[in-house]
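Peer 1: no FASTA, just this:
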């Protein structure tokens, strides 16, 4: 049990030291995170701009096929206006 107590004591002391270090240098941590996030945004914007210029192929709209209706179908939907010419 003494080894476990020593280990727990060591963890407690380490946590207190780490906590004190973070509290003392909190502004540096915040500034570092801010700089890193701004850099990521700028790099992402540059990547999107470069990628959009590299692939500027225009897609043509797919051609629609005209549907042909049978007389049987047209007679079955008499109440619906299908804009069909006979």
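Peer 2: Thanks, I have it. From a predicted model like this one, the values you see are computed outputs, not experimental measurements.

Peer 1: now residue 62, what's its secondary structure?
Peer 2: Residue 62 falls in the coil class when you classify it by DSSP: H, G, I helix; E, B strand; the rest coil.

Peer 1: All the helices of this protein, residue numbers only.
Peer 2: Counting by DSSP state H, the segments of the chain that form helices are 2-24, 26-54, 71-76.

Peer 1: Need these in CSV (columns: mean pLDDT and mean neighbour count).
Peer 2: In this view, the C-beta of every residue, glycine as well, is placed from N, C-alpha and C. CSV is the format used below for those (pLDDT from 0 to 100; neighbours: other CB atoms under 10 Å):
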stretch, mean pLDDT, mean neighbour count
helix 2-24, 93, 10
helix 26-54, 90, 10
helix 71-76, 70, 10
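
Peer 1: Is it possible to get a markdown table of those helices that adds distance to residue 63?
Peer 2: A markdown table is the format used below for these (distance: least, CB to CB, whole Å):
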| stretch | distance to residue 63 |
| --- | --- |
| helix 2-24 | 63 |
| helix 26-54 | 27 |
| helix 71-76 | 23 |
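
Peer 1: and residue 60, which of the ones you listed is closest to it?
Peer 2: Nearest to residue 60, of all the helices of the chain, is helix 26-54, at 19.1 Å by CB to CB.

Peer 1: okay, the angle between that closest one and helix 2-24?
Peer 2: Here the directions of helix 26-54 and helix 2-24 differ by 70 degrees (axes from the mean of the first three to the mean of the last three CA atoms, to 10 degrees).

Peer 1: for helix 26-54, the distance to its chain's centre please.
Peer 2: In terms of CA atoms, centre = their mean, to the nearest Å, the gap separating the centre of helix 26-54 from the centre of its chain is 15 Å.
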